[in-house]
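my questions are about this predicted structure, shown below with the sequence.
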Amino acid sequence: MGWPRPSTRFCVFLTLLNDRLGESIVFPLLPFLLASFTSDGRTLGLLAGSYALAQFLFTPLIGALSDRFGRRPVIAGCVAGSVLGLGGFALTLAVPWPAGSAWPLPLLFVARLIDGVSGGTAATAGAVLADISPPEKRAKAFGLIGVAFGVGFMLGPALGGLLAEISLTLPLLVAVAVAAVNLVLVLTALPETHPPEARQALPRKRELNPLSQLSKVFSNPQVRRLCLAFFLFFLAFNGFTAVLVLYFKEMFGWGPGLSAAAFLVVGVVATLVQGGLIGPLVKRFGEWRLTMAGLGMVIAGTLLVPLATPATAQPLVFIAVAVLAAGTGLVTPSLRSLVSRRLDSGGQGAALGSLQGLQSLGSFIGPPLAGVAYELIGEKSPFWLSIVLLAGVAVLIAFGLPQAGAQRQATAVQK
């Protein structure tokens, strides 16, 4: 008897979950994992951003490869890289290095870079969703990315907090195991969704330069402002979240337990919004209105964190992260859909790869800047700077749609 073949959406979901799980397990524990090697905020920010740097440099190539050779082999290669990168990170932390050894930090950076090089998983998985979804249902389909994000942020901190009580490296070994299972599933069950007749030749080498890819996207007046807003949103968001656990630790005296609980709230809220609410909300209000409303929520949530005191930290922080998660759950799939609907279907892999590149570039620049601001300006400065950037994002999106596009969306909402 054969085994029941999982659906394409399930394979994509597990791939996206694997992509987020490694991050969500490591992130709340990172200041504690690095405690024996360094306590420098700038080093923490650079390590947090190194994954995104590698992802930014290689995402255009991965997107082009998926448009040329299909989604399945590219996803399989990316997941294999995730196994290698996570495994190397865990192994480096598990080795009993002698005091003062110069090897651990470089090896940790190498492991993160390997994981980042293969980090085109999300973009290629998003291309699979675009392949199997009609344009009017892509916002709902992209909501699956948010569901994986939410479930990853539920499982990751919960597993990390529980397993870290046994060993700090045990949560990482679980993440490696999940990546290995994901690889087996992709190799045995994921169908190819990009037919040979829709495939495109590989671009010239200079066109695979990530900056060239981004300039190509920005040359399109239909999506120029939206893409800039996408970049600035992730720069601001990933900047202040990179120092969030350190802020909790130093300002409120929180340990891994409370920090993990805060991220658990993020996972629950994000899953509810992007898993069950995004489809009906898009149908009722449209992507543009949801993006603007979500941005307002993200700004409000960011504002609450620096306003908290040690006495009010727990209620205010948990409210803040819930509002942040809800806002991000509205912004991310809606803004992706706004861009996707304005591009032709032939190059969705490269287009969504460019969006992933913008996200990666923002995720690389944001954490080191936040770490420098945290140390040189003050602990609360990353939050105030992010609020200013997010306000700029709102302005860009408010004027980011051509008038005809805005009228079409308003007509669709009325219908």
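Yep, it's here.

would you map the helices across the stretch 51-200 of the chain?
71-94, 104-117, 121-132, 138-163, 170-189 (DSSP state H, counting those that start in this stretch).

nearest residue to Ala242 other than its sequence neighbours?
Pro367 (3.5 Å; Cβ to Cβ, 6 or more residues apart in numbering). Yep, even glycine has a C-beta here, placed from its N, CA and C like the rest.

before we move on, what about Leu335?
Thr291 (5.2 Å).

does the one you found belong to a helix or a strand, and which?
Per DSSP states H and E, Thr291 falls inside helix 287-307.

orientation of that helix relative to helix 138-163 in degrees?
Taking axes from the mean of the first three to the mean of the last three Cα atoms, to 10 degrees, one finds that helix 287-307 is oriented at 30 degrees with respect to helix 138-163.

so where's the stretch 201-350 of the chain shaky on pLDDT?
For the stretch 201-350 of the chain, the stretches with pLDDT under 70 are 213, 216, 343-350.

show me where it has helices.
Under DSSP H, counting those that start in this stretch, the stretch 201-350 of the chain gives helices at 210-218, 224-242, 244-252, 256-272, 278-285, 287-307, 313-340, 348-376.

of these, which is nearest Leu187?
Taking Cβ to Cβ, helix 348-376 is the member of these nearest to Leu187, at 20.0 Å.

next SSE downstream of the closest one?
By DSSP H and E, the next helix or strand past helix 348-376 is helix 381-398.

mean confidence for that next one?
For helix 381-398, mean pLDDT is 94.

and that helix, how far out from the chain middle?
Mean C-alpha position of helix 381-398 versus that of the full chain (Cα atoms, centre = their mean, to the nearest Å) differs by 18 Å.

tell me what it is packed against?
Counting contacts by 3 or more Cβ pairs under 8 Å, 6 or more residues apart in numbering; DSSP states H and E, helix 381-398 packs against helix 224-242, helix 287-307, helix 348-376.

contact partners of stretch 81-93?
Stretch 81-93 is contacted by residues 18-19, 22, 26, 33, 104, 107-108, 110-119, 121, 168-169, 172-173, 175-176, 179-180, 182-183 when judged by Cβ atoms under 8 Å, 6 or more residues apart in numbering.

swap in 7 Å and give it another go.
18, 22, 33, 104, 107-108, 110-112, 114-115, 117-118, 168-169, 172-173, 175-176, 179-180, 183 (Cβ atoms under 7 Å, 6 or more residues apart in numbering).

how many neighbours does the residue nearest to Leu335 have?
Thr291 has 29 neighbours, counted by other Cβ atoms under 10 Å.

and Glu136, by the same measure?
The burial count for Glu136: 12, using other Cβ under 10 Å.

ok, it to Pro73 distance?
Distance of Glu136 to Pro73, given as Cβ to Cβ, to the nearest Å: 30 Å.

distance-wise, check Phe252 relative to Leu244.
Per Cβ to Cβ, Phe252 is found 11 Å from Leu244.

when those two are compared, which one has more neighbours?
For Phe252 and Leu244, the more surrounded residue by other Cβ under 10 Å is Leu244, and the numbers stand at 22 against 17.

re earlier: closest one to Phe399 among the helices of the stretch 201-350 of the chain?
helix 224-242 (6.6 Å).

quick check: closest non-adjacent residue to Asn18.
If the residues on either side of it in the chain are set aside, Asn18 comes closest to Asn182, at 4.2 Å by Cβ to Cβ, 6+ apart.

measure that neighbour to Leu272 for me?
Separation of Asn182 from Leu272 (Cβ to Cβ): 24 Å.

between these two, which has more neighbouring residues?
Asn182 (27 against 16).

ok, that one - contacts?
14-15, 18, 79.

returning to what we had before: my guess is the residue nearest to Ala242 contacts Gly45. True?
Yes. Using Cβ atoms under 7 Å, Pro367 is in contact with Gly45, at 4.1 Å.

give me the common contacts of those two.
Ala242.

so for these two, which sits in the more crowded spot?
Using other Cβ under 10 Å as the criterion, Pro367 and Gly45 rank with Pro367 on top: 29 against 26.

confidence score at the more buried one?
On the pLDDT scale, Pro367 is placed at 91.

same question for Val413.
Reading off the model, Val413 has pLDDT 45.

the helix holding Thr291: which residues count as buried?
Buried residues in helix 287-307, counted by 16 or more other Cβ atoms under 10 Å: 287-306.

so who does Cys227 touch?
Residues in contact with Cys227, defined by Cβ under 7 Å, 6+ apart, are 217-218, 339, 358.

distance check, it against Glu192.
Cys227 is 28 Å from Glu192, by Cβ to Cβ.

also Pro28?
Here Pro28 is placed at a distance of 37 Å from Glu192 (Cβ to Cβ).

of those two, who's got more company?
Pro28 (28 against 14).

contacts only, for the more buried one.
Pro28 neighbours (Cβ under 7 Å, 6+ apart): 157, 160, 245, 256, 259-260, 263.

ok, now Leu295?
Per Cβ under 7 Å, 6+ apart, neighbours of Leu295: 327, 331, 390, 393-394.

now with 10 Å?
For Leu295, the contacting residues are 229, 233, 327-328, 330-331, 335, 390-391, 393-395, 397-398, by Cβ atoms under 10 Å, 6 or more residues apart in numbering.

low-confidence regions, the stretch 51-200 of the chain specifically.
120.

distance between stretch 113-129 and the chain's centre?
Worked out by Cα atoms, centre = their mean, stretch 113-129 lies 10 Å from the chain centre.

just the endpoints, please. Distance across it?
End-to-end distance of stretch 113-129 (Cα to Cα, to the nearest Å): 27 Å.

so for that stretch, what gets flagged as buried?
By neighbour count on 16+ other Cβ under 10 Å, the buried set for stretch 113-129 is 113-129.

ditto for stretch 166-175
The neighbour-count check on stretch 166-175 (16+ other Cβ under 10 Å) flags 168-175 as buried.

can you check stretch 127-146 too?
Quick answer for stretch 127-146 (16+ other Cβ under 10 Å): 127-131, 133, 138-146.

OK, contacts around Val243?
Contacts of Val243 (Cβ under 10 Å, 6+ apart): 31, 41, 44-45, 48, 250, 366-367, 370-371, 373-375, 379, 381-383.

ignore what I typed, I meant Leu281.
Leu281 makes contact with 139-140, 143, 273, 287, 289-290, 293-294, 329-330, 334 under the criterion Cβ under 10 Å, 6+ apart.

roughly how far apart are it and Ala293?
Counting by Cβ to Cβ, the gap from Leu281 to Ala293 is 9 Å.
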